[in-house]
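Peer 1: prediction below, plus the sequence it came from.
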Amino acid sequence: MMNQNAALPSHGDGDNTRFLSSTFHSHLPALRARFDRYNRIHKSGTPDEKLDLIQELRDYIFAEEEKILFPNGNAPEGVMWQTPVDESRYSAEIHLLHKLCADFEYTGEYRLKMREIANNIAVAMAADKDMQFAQHNWNAMDMAQKKVVLRKAQKIHAQVQQLDSVKTGQNISVIFNNEARALPDGQHNPQFSYASHSDSLHSIFNSKALGWMFGTPDSLINYNTHPDNSFMRGGFATALSAMHHEQQHAFQSAMALAYFEKRIDPASPYYKDAELLYRLRAHDCYVPPSIYSVYRKQALERDTFDFQYLMETHLRRPFPGSGWAKDPSQARAHGDALDGFFGRIRKWFRGPEA
């Protein structure tokens with residue numbers, strides 16, 4: 001739900017109101033009613049009406065872009081979710097989307113708690129020998145070793161993160177892919193992504209079937225390890241921070257599910273945040289990176305990017321007590337030790353004789 005304590009746009013915020021008004025009324029009379037409805041919802045609509053309008057504006061932009069890019073009507077299914085939109089063509093719609101996204105904010109208590117949780121995760125990672133080794137040897141590690149570290153970062157995050165006893169209660173799978181950004185013909189690969197998270201909660205929240213029964217929803221993190229992924233090129237802190245971004249989406253889902261199943265106390269300081277996350281997931285209003293300026297401003301992504309930056313900051317600091325990893329003999333001893341997962345990886349590759 002929209003945070004009633006957040007600083008919302010004033011109904012008389014001069015420049016913005018004049019911009020919207022002048023833009024709306026510059027259109028043909030046949031379109032004026034549509035823009036007047038947009039303006040009414042923006043000013044006084046319910047949270048659900050605003051979320052529905054975000055979806056409507058997103059779909060309108062996609063439909064118009066598709067007509068321009070594929071005039072013969074041969075657009076591949078879902079292509080606009082991956083194809084960057086020329087936002088200059090839709091200045092009024094984009095401006096309104098920014099305003100609508102700003103109306104959905106987390107409480108101050110939630111934001112402070114996320115900073116505390118990020119610190120707790122960083123402390124747990126800094127105490128882990130495998131993470132200590134990886135921080136100092138990331139560039140020399142092979143891809144199999146890096147994947148093990150990325151998976152472990154996700155698991156540590158999931159184990160440590162909880163809010164009012166709500167944990168990431170999903171069966172999370174991490175799948176790695178290797179998709180290049182550029183195609184041989186110089187075009188942009190429509191399947192390229194840095195990392196993503198998906199689950200079945202939207203379907204569950206919107207099921208009309210009586211007695212809907214489901215177990216723990218599956219949650220999937222896809223992570224692209226191709227060198228075109230700038231997070232992988234950036235080193236240990238940036239590579240892991242992208243995994244933390246996606247794990248934060250999984251935690252958002254856990255909070256939304258806890259609200260849906262009435263497992264979070266209405267007296268909790270985070271109850272409104274859980275309700276907000278539920279509303280955001282229940283409505284089909286997510287704006288993908290193809291409308292980039294809006295994508296970064298929507299509440300689901302503001303939270304995950306904030307968490308990602310917190311984790312990247314923590315992971316750039318040298319882990320206390322990890323100086324041993326700089327000594328080659330000690331690093332080798334750790335790698336070959338029975339309790340070192342790099343040792344187990346080496347022995348697996350070497351075979352039984354190891």
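Peer 2: That came in fine, so what should we check first? Computed from a predicted model, the values in this text were never measured in an experiment.

Peer 1: what about the strands in the stretch 101-250 of the chain?
Peer 2: 162-163, 166-167, 171-177, 195-199, 218-224 (DSSP state E, counting those that start in this stretch).

Peer 1: and Met255, what element?
Peer 2: Assigned by DSSP states H and E, Met255 belongs to helix 236-260.

Peer 1: so that helix versus strand 171-177, what angle?
Peer 2: Helix 236-260 runs at 140 degrees relative to strand 171-177, counting by axes from the mean of the first three to the mean of the last three CA atoms, to 10 degrees.

Peer 1: next SSE after helix 236-260?
Peer 2: Next along the chain from helix 236-260, counting by DSSP H and E, comes helix 271-282.

Peer 1: elements contacting that next one?
Peer 2: helix 47-69, helix 201-205, helix 236-260, helix 299-315 (3 or more CB pairs under 8 Å, 6 or more residues apart in numbering; DSSP states H and E). (Each C-beta comes from the backbone N, C-alpha and C, glycine too.)

Peer 1: nearest to Glu105, out of those helices?
Peer 2: helix 299-315 (6.9 Å; CB to CB).

Peer 1: next, the buried residues of the closest one.
Peer 2: For helix 299-315, a neighbour-count test (16 or more other CB atoms under 10 Å) marks 299-304, 306-308, 310-312, 314-315 as buried.

Peer 1: in those residues, find the pair that's most separated.
Peer 2: Among the buried residues of helix 299-315, Ala299 and Leu315 lie farthest apart (CB to CB), at 24.7 Å.

Peer 1: pLDDT on stretch 220-240, on average?
Peer 2: Averaged over stretch 220-240, pLDDT sits at 89.

Peer 1: how far does stretch 29-42 sit from the chain's center?
Peer 2: Chain-centre distance of stretch 29-42: 32 Å, with CA atoms, centre = their mean, to the nearest Å.

Peer 1: same question but for stretch 299-309, I mixed them up
Peer 2: Worked out by CA atoms, centre = their mean, stretch 299-309 lies 7 Å from the chain centre.

Peer 1: and what of stretch 117-127?
Peer 2: The answer for stretch 117-127 is 20 Å, by CA atoms, centre = their mean.
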